[in-house]
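> what follows is a predicted structure for the sequence shown.
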Amino acid sequence: MERKSKDSIRRKKRNEILRVMLVMSVVGTMVFQGQLLWALAMVLGYYVIREAFLSDHIFYPVQADYNYSLSPYWRSPVTVQDGINAGTVPDAVDTLLLTVRFRCQALGYLRDPWVEIHSKGIHYRQYFERGVGGLRYINLTNLVQDAEGNRIRPGLATLSFHHCMAGDGGELLGFCNAVSSHSRVLVIAPHADDAELAAFGVYSSHTSMIVTLTAGEIEAENFQTVEPDLVKASRLKGQLRSNDSVAAGAWGGVPAENIVSLGYFCKQLQAMHSLPDESMPSLTAAVSDSRFFRRYNRIRLASDVHGTASWNSLLGDLRELVALHKPDVIITPHPVLDPHPDHLYATRALVEALGETAAPVIFLLYANHYHNTQMAPFGPAHSAVGLPPGHQPSATALGAYTRVLADDVQQHKAMALQMMHDLRKTPTLAKRLRPFLQKWLAGRPETVYGADAFFRRAVRLHEVFFVADLSALRQLLKEV
């Protein structure tokens, strides 16, 4: 998957270079002929078109099928144009997806296609890629579950498609997950903000523990306006992000003693794994002791005696915290879908720490980054979320789980993200102009919470996870 992604990225970049060369050759000809105003108009016109319609950075064929190996509890063919009768869905189902084959209409190449779901007391939208085609998953969980996790059956739901068309046939996929209001939840966050991006709605509604593995101290150039020295800026950033993880978790109702920042160093988990006994220092902060970023913890761990930043120390921390919290549900990055090395090795560390445990733990797998695009999920904040882009079916069949978020929970999630210093970067002029042009030319609403794309991508009606047991998660790790 990663190799194909890189090939697609290179192809997209090559096409962009060819477009720029063509425009510049035309502009150069105009300048040579003395047509300066026409040359300026050409440059401005190309810039506007590129920012409004060609800047989505989707590195896969948008008309290719989404292809997942899923293991639903229940499935049933439906005729989409007749509507969806939720009364036929078994009572045990808590997550409901609909597979539909899309075909894009002309305007859907310029504006975001979307489907609108209507039922008694229910009305929401789910968006897709411009130019969408092929098999997609529509999230219909609102027809079987309300924002408090209660089972509902509102009756017939109708689907209306905009800037796209759907084939008449589809299939309902119902999933039954043992996630209840009484479940004890453990969230594994490679960095501060990962827990909030992926699972604020889940952890804020359960008895939860949040464990942040790294301080996130690298790439601190934005902090050099405060601390010109990069080492000091990195330390400041790591301290702030460690504190951010505590503040945001507390905002979500998690007790301070259940929020832990382990203080290991950003982008060093892979190196720690390769030499498990050796301590790996920070790449930028000139720190080798994990205790440097643990000052906000209320829990004292065995590794606090020495502060060794090694893989074996990390495994010991995770074993200790799992034994302390005794989770029924563990939320951790999807090792195949999420390409960030710290995310992969966070889950690898968790699985290794658990060993051969027989505890009946459910794993909810999330992806905050994707191989082929950083646009997903598509559409504006507060809209619905289906399954993310995925084209290489896994040999391991997984379940799916959706948490429906009430309006106030979505707003609280946005406020939790605003507590994160790393999401407060001042956007460049180009990044400020892009949403303005897309709003007026491509009809995309601007996000009111912040300039970072995560405020659009994460503040949604749904939080969606893949579901695995420990055996399936081990199999996924072998596929990486």
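Okay, I see it.

> pick out the residue nearest the middle of the protein.
residue 368 (2.6 Å; C-alpha atoms, centre = their mean).

> can I assume that residue sits in a helix?
No. Counting by DSSP: H, G, I helix; E, B strand; the rest coil, residue 368 is located in no helix; its state is coil.

> and the nearest residue to it once chain neighbours are set aside, which of the three is it?
Nearest residue to residue 368, sequence neighbours excluded (C-beta to C-beta, 6 or more residues apart in numbering): residue 197, at 5.0 Å. (Glycine included, C-beta is placed from N, CA and C.) At residue 197, secondary structure determined by three-state DSSP is helix.

> quick one: residue 197 from residue 260, how far?
18 Å (C-beta to C-beta, to the nearest Å).

> for residue 112, give me its contacts.
127-130, 163, 378-379, 442-444 (C-beta atoms under 8 Å, 6 or more residues apart in numbering).

> buried subset of those as a ChimeraX selection?
Selection of buried members from the contacts of residue 112 for ChimeraX, criterion 16 or more other C-beta atoms under 10 Å:
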select :127,128,129,130,163,378,379,442,444
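
> who does the helix or strand hosting residue 271 touch, helix- and strand-wise?
According to DSSP states H and E, residue 271 maps onto helix 269-274. Using 3 or more C-beta pairs under 8 Å, 6 or more residues apart in numbering; DSSP states H and E as the contact test, the elements touching helix 269-274 are helix 311-325, helix 341-354.

> got the phi/psi numbers for the closest residue to residue 304 other than its chain neighbours?
Take residue 304 and drop its neighbours on the chain: the residue closest to it by C-beta to C-beta, 6+ apart is residue 291, 6.1 Å away. In terms of degrees, to the nearest 10, the main-chain angles of residue 291 are phi -70, psi -20.

> and what of residue 237?
According to degrees, to the nearest 10, residue 237 has phi -60, psi -40.

> for residue 422, see how far away it is.
Counting by C-beta to C-beta, the gap from residue 237 to residue 422 is 8 Å.

> what do those two both touch?
Joint contacts of residue 237 and residue 422 (C-beta under 8 Å, 6+ apart) are residue 216.

> which of those two has more neighbours?
residue 237 (27 against 20; other C-beta atoms under 10 Å).

> what pLDDT does residue 163 get?
pLDDT for residue 163: 96.

> what's the answer for the one 5 residues further on, then?
Turning to residue 168, the model gives it a pLDDT of 85.

> picking up where we left off before, list the buried residues of the helix holding residue 271.
Buried residues in helix 269-274 (16+ other C-beta under 10 Å): 269, 271-273.

> what's the per-residue pLDDT of the residue nearest to the centre of the chain here?
96.

> next SSE downstream of the lowest-mean-pLDDT helix or strand in the chain?
Least confident helix or strand of the chain, by mean pLDDT, DSSP states H and E, is helix 2-32 with a mean of 65. Toward the C-terminus, helix 2-32 is succeeded by helix 36-53 as the next helix or strand (DSSP H and E).

> what's that next one packed up against?
Using 3+ C-beta pairs under 8 Å, 6+ apart: helix 36-53 touches helix 2-32, helix 429-442.

> what about the strands in the stretch 151-300 of the chain?
156-162, 164-175, 184-189, 207-214, 259-264 (DSSP state E, counting those that start in this stretch).

> can you put these in a markdown table and add mean neighbour count and distance to residue 77?
Shown next, in a markdown table, are those (neighbours: other C-beta atoms under 10 Å; distance: least, C-beta to C-beta, whole Å):
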| stretch | mean neighbour count | distance to residue 77 |
| --- | --- | --- |
| strand 156-162 | 16 | 15 |
| strand 164-175 | 18 | 5 |
| strand 184-189 | 25 | 35 |
| strand 207-214 | 26 | 38 |
| strand 259-264 | 27 | 46 |
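
> which among the buried residues of helix 269-274 gets closest to residue 399?
residue 269 (26.9 Å; C-beta to C-beta).

> tell me the domain ranges of the chain?
2-53, 74-175, 184-369+406-459 (automatic domain parsing).

> what's the closest of these to residue 68?
Of those, nearest to residue 68 by C-beta to C-beta is domain 74-175, at 8.0 Å.

> now the closest one: how far from the chain's centre is it?
21 Å (C-alpha atoms, centre = their mean, to the nearest Å).

> thought residue 192 was touching residue 212?
Yes. The criterion here is C-beta atoms under 8 Å, and residue 192 meets it with residue 212 at 5.4 Å.

> give me the common contacts of the two.
Common neighbours of residue 192 and residue 212 (C-beta under 8 Å, 6+ apart) are 242, 245, 261.

> return the residues in contact with the last one.
The contact partners of residue 261, taken as C-beta under 8 Å, 6+ apart, are 192, 212, 215, 242, 245-246, 293-294, 296-297.

> inside helices: which ones of those residues?
242, 245-246 (DSSP state H).

> so which of those residues wins on neighbours?
residue 245 (27 neighbours).

> quick one: the closest residue to that residue other than its chain neighbours from residue 420, how far?
Nearest residue to residue 245, sequence neighbours excluded (C-beta to C-beta, 6+ apart): residue 192, at 3.9 Å. Counting by C-beta to C-beta, the gap from residue 192 to residue 420 is 6 Å.

> which neighbours do those two have in common?
241, 244, 248.

> ok, for the last one, nearest residue in space, not its chain neighbours?
Spatially, and ignoring its direct neighbours in sequence, residue 248 is nearest to residue 416 (4.3 Å; C-beta to C-beta, 6+ apart).

> so the one you found sits against residue 250, correct?
No. Under the criterion of C-beta under 8 Å, residue 416 is not in contact with residue 250, lying 9.6 Å apart.

> quick one, which of these two is more surrounded?
Using other C-beta under 10 Å, the more surrounded residue of residue 416 and residue 250 is residue 416, with 24 against 16.

> flag the shaky bits of the stretch 1-150 of the chain, pLDDT-wise.
1-13, 15-17, 20, 23, 26-27 (pLDDT under 70).

> how about 90 then?
1-57, 59, 81-83, 85-88, 120-121, 147-150 (pLDDT under 90).

> now, which of the shared contacts of residue 192 and residue 212 sits nearest residue 364?
residue 245 (18.9 Å).

> now do the contacts for the closest one.
So residue 245 contacts 189, 192-193, 195, 210, 212, 259, 261 (C-beta under 8 Å, 6+ apart).

> now, among those residues, which is nearest to residue 21?
Taking those together and measuring to residue 21 by C-beta to C-beta, the closest member is residue 193, at 38.8 Å.

> count of neighbours near that closest one?
26.

> where does it land on pLDDT?
On the pLDDT scale, residue 193 gets 95.

> and the one 4 residues further on, by the same measure?
The pLDDT attached to residue 197 in the predicted structure is 98.

> what number of residues lie near residue 410?
Neighbours of residue 410 using other C-beta under 10 Å come to 20.

> returning to that earlier point: just the shared contacts of residue 192 and residue 212 now: which is nearest residue 463?
Nearest to residue 463 among the shared contacts of residue 192 and residue 212, with distances taken as C-beta to C-beta, is residue 245, at 18.0 Å.
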